[in-house]
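[1] Next come a sequence and a model predicted from it.
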Amino acid sequence: MAAIRIYHLYPAHLNLYGDRGNMLALCRRAEWHGIGVEIIPVEPGGRIDFARCDLLFMGGGQDSDQKLVAEDLKSRKSEMRQAVEGGMTVFAVCGSYQLLGQYYITGSGEKIEGLEIAGLYTEAGPKRLIGNAVINCPLWKPPRTLVGFENHAGRTYLEPGLEPLGKVIIGAGNNGTDKTEGAVYKNVIGTYLHGSLLPKNPWLTDYLLEKALSFRNQEFKPAELDDSMEHQAHDAAIRLAGSRRHRRLSTRA
Amino acid sequence: MRSAKRQHSKQGGINNRLFKLKLLAATWTGKMLISLTRVLGRGGTTLPGRTALKIAPHLSSSLTNMLPEGSLIVSGTNGKTTTSALITGILKEAGFKCVHNQSGSNMSWGVASSLVAAATWTGRLPGDWAVMEVDEGAFPGVARDIRPRGVVITNVFRDQLDRYGEVDHVLEAIRRGLDIQPEDGFEVINADDPSLVSIAAKSGKKRWSYGLEIDLPEDTFENTGRDIKSCPVCKEKLSYEKIYFAHLGHYRCPSCGYSRQEPDVKLTGMEKTSDGKTLLQISLPGENIEITFPLLGTYNLYNLLAAVTCARALNIETGSIAGALEKSAPSFGRMELFELEGKTVVMALIKNPVGANEVLRTILSQPDQISLLVAINDKIADGTDVSWLWDVDFEQLASIKNRLSGLTVSGLRAHDMAVRFKYAGLEPAQVEIRDNMAEAIGQAVEKAVPGGKIFILPTYTAMLEMRRILNRMGLGKPYWEE
């Protein structure tokens, strides 16, 4: 049986916005596709065995927790970088996404060094960008939509050559100005979207599972799943995000 | 003692008259808007208060100044509505007249709305006490306005992150509110909540505390990211001798020694009576009392202790305390009971993971067949971010699968909830999606088996809508008639 090993970084600290839903989606869909999953929770101070990790999941956290991760991973920067270059899959949401870049300058002006995995940097803005968001994601041909909820003070900018996860249709995205959302570098996906993101966007869940499998030369043989409930939730969320009520809410927040 | 009164005497003359005139205009406008919304069957608590406060920003302060006894504020993440209802019940039993925002509308305008509703057309506020539940974020502002004699803080959990961001901000708001409270007042806090206790008491102010000292089955729910089990002083992981739920319990920091202090009021014993109620032994300074209490759930034990402690701080005699609590009924949407077509309907508000987990735990403890209806809205009062649904341990429902006769979802986020059930391990084919709430109630009733129960779990605005529908069906009364 095909199997993957998921390292879950700091489940007790990085879990601000329903990140449990993302882990749940990965586990359930892996189970439904007949893929064995081993989850290895990593607590602060614990070590990620990059030689064994197929998929690294990093959730969102408060500023203080984010600093903790940065401190912990600083010494392993080159190892992690090597694993990423080799094709390890990483899924990072919100605070962890910011951490993938060069640096993050917080609201109080403090500069947190990033992991330098991807060419991006983040600076805190004057007000939080909060609301429902929809993006068009070119990981598939034709592109598919991803729908989620964003809540971040940081403005993230991608350096030339780094691909965004998608183009903003509704919402603020990386920085509220250039219409990009998230970033994709090799098999690393970073995004501001939670909601939780994966349950309502099952094709992204499957994409991550496929990448994690192919990294170990295993084939992804998707089962025929009835995803109508997920599709309906996806479509309903897009309708809500586009409704006048929601647009008013997100501009007010 | 009261700032507005001082202002009156200093200014006098035209300013004073203008001040009173504004108050009168605000009261009238507010009262007219309240009548209008009630005719429409809505019992508005936002618009009347907001409008009245625009006309007279000093409204809440001026009206509560007229009360001979003063005001009490109940704040904290969970348990505000029930605790303030229990306190109001005790005060009434002791012979006082109270103004109370029983609908749970707890922002500054909600407080203003309920004051205006109770005020006379001549701009007077009759009664002895105002008992107000107040949102944590609105607490400093309302405390500045109504200068409470007593403040009760129930607990602090992560809640509605779209509004408050991080839990540190909530603690900061509570700290500021307690600071604003007059020094001759008192505060009542939960001794079992490590982060709440870490807020230093202002010197000179009397602090009362309460806590559980009984044995309960362990909390096996996953309160992912919602409990704060690290030491508020040194951030080390706390060790617990007892955990009642989430991070409430008997804690101690192995690193810096920060630990739970013995509370003034303790629950020391508990046994079930033959009629399904609970007989509680409570230890107060200098005396022990027994109370028969009809409400279910561990969280209601905390609510009860908070109310008893507040009553004790006010020197209310134990006869009135026990008498009132024996009669207590569930408050607005908190395990409220209705009878529909010979079936029992229980409505329990859910708004954050810790509270929702406690409701689920109570459902799990029922022996009956259950038709479950969950209605999720994402308006501002509900929280616009529904990701919290993924932090509720709905997985626990899978263990009572064979007792779930129906699973219905409704509300603006019905589809999110349907997916949540699917990933919780429940049968997708069993989940019925009804966008229309009246239809959803119909569906839930249909799926209930004879002798079984219907549990309705709505978010705040969904609960208001559910209640209106039930009222129209002749069940229960609009809250303003209670």
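    Done, it's in.
[2] Local confidence estimate at the residue lying closest to residue B:124 once chain neighbours are set aside?
    Nearest residue to residue B:124, sequence neighbours excluded (CB to CB, 6 or more residues apart in numbering or on different chains): residue B:66, at 6.2 Å. For every residue, glycine as well, the C-beta is placed using N, CA and C. Looking at residue B:66, its pLDDT stands at 96.
[3] Roughly how far does residue B:66 sit from chain A?
    Distance, residue B:66 to chain A, using CB to the nearest CB, to the nearest Å: 35 Å.
[4] what number of residues lie near that residue?
    17 (other CB atoms under 10 Å in any protein chain shown).
[5] Report the secondary structure state of the residue of the stretch 101-250 of chain A found nearest chain B.
    The stretch 101-250 of chain A approaches chain B most closely through residue A:233 (3.8 Å), counting by CB to the nearest CB. Of the three states, residue A:233 takes helix under DSSP: H, G, I helix; E, B strand; the rest coil.
[6] what's near enough to touch residue A:9?
    A:42, A:48, A:56-59, A:69, A:96 (CB atoms under 8 Å, 6 or more residues apart in numbering or on different chains).
[7] Would you check which pair of these lies furthest apart?
    A:48 and A:59 (14.6 Å; CB to CB).
[8] Mind checking which of those two has more residues around it?
    residue A:59 (30 against 19).
[9] Spell out which residues sit in contact with the closest residue to residue A:210 other than its chain neighbours, please.
    Nearest residue to residue A:210 in three dimensions, chain neighbours excluded: residue A:220, at 4.0 Å (CB to CB, 6+ apart). Counting by CB under 8 Å, 6+ apart, residue A:220 makes contact with A:2, A:33, A:35, A:206, A:209-210, A:213-214.
[10] change it to 7 Å
    If you count contacts by CB atoms under 7 Å, 6 or more residues apart in numbering or on different chains, residue A:220 has them with A:209-210, A:213-214.
[11] most neighbours, which of those residues?
    Counting by other CB under 10 Å, top hit in the contacts of residue A:220: residue A:209 with 25 neighbours.
[12] Could you report the pLDDT at it?
    Confidence score, pLDDT, at residue A:209: 97.
[13] That one: what's it in contact with?
    Here residue A:209 is in contact with A:4, A:26, A:29-30, A:33, A:35, A:220 (CB under 7 Å, 6+ apart).
[14] now these as JSON lines including secondary structure?
    Putting the contacts of residue A:209 into JSON lines (three-state DSSP) gives the following:
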{"residue": "A:4", "secondary structure": "strand"}
{"residue": "A:26", "secondary structure": "helix"}
{"residue": "A:29", "secondary structure": "helix"}
{"residue": "A:30", "secondary structure": "helix"}
{"residue": "A:33", "secondary structure": "coil"}
{"residue": "A:35", "secondary structure": "coil"}
{"residue": "A:220", "secondary structure": "coil"}
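[15] Check the burial of residue 104 by counting its neighbours.
    You didn't pick a chain, so chain A it is. 24.
[16] that's the other chain; I wanted chain B
    Residue B:104: 24 neighbours (other CB under 10 Å).
[17] could you list every residue that touches it?
    For residue B:104, the contacting residues are B:81, B:133, B:332, by CB under 7 Å, 6+ apart.
[18] SS state for it?
    coil.
[19] So it versus chain A, what's the distance?
    The value you get for residue B:104 to chain A, if CB to the nearest CB is used, is 21 Å.
[20] measure residue A:78 to chain B for me?
    In terms of CB to the nearest CB, residue A:78 sits 29 Å off from chain B.
[21] Make sure I have this right: that residue is in a helix.
    Yes: assessed by three-state DSSP, residue A:78 belongs to a helix.
[22] pull the helix or strand with minimum mean pLDDT from the chain.
    Using chain A here. helix A:244-252 (a mean of 59; mean pLDDT, DSSP states H and E).
[23] Now for residue A:96: which residues touch it?
    With CB under 7 Å, 6+ apart as the criterion, the residues that contact residue A:96 are A:14, A:58-60, A:69.
[24] could those go into CSV alongside pLDDT and distance to chain B?
    What follows is the contacts of residue A:96, written out as CSV (pLDDT from 0 to 100; distance: CB to the nearest CB, whole Å):
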residue, pLDDT, distance to chain B
A:14, 77, 8
A:58, 92, 14
A:59, 89, 9
A:60, 83, 10
A:69, 80, 15
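[25] Looking at the residues you listed, state which has the most neighbours.
    residue A:59 (30 neighbours).
[26] For the stretch 1-150 of chain A, which segments count as strands?
    Remark: strands assigned in the stretch 1-150 of chain A by DSSP state E, counting those that start in this stretch are A:3-9, A:36-42, A:55-58, A:89-93, A:103-105, A:111-113, A:120-137, A:144-158.
[27] what lines up beside the first one in the sheet?
    Put plainly, it is strand A:3-9. Paired strands of strand A:3-9, with direction, are strand A:36-42 (parallel), strand A:55-58 (parallel) (DSSP bridges).
[28] The fifth one too?
    Each strand paired with strand A:103-105, and its direction, by DSSP bridges: strand A:111-113 (antiparallel), strand A:120-137 (parallel).
[29] Now do it: distance to the chain's middle.
    18 Å (CA atoms, centre = their mean, to the nearest Å).
[30] quick one: low-confidence ranges for the chain?
    Using chain A. For chain A, applying pLDDT under 70 flags the ranges A:246-253.
[31] not what I meant, chain B
    B:1-12, B:43, B:159-167, B:219, B:222-228, B:477-482.
[32] Good, wrapping up.
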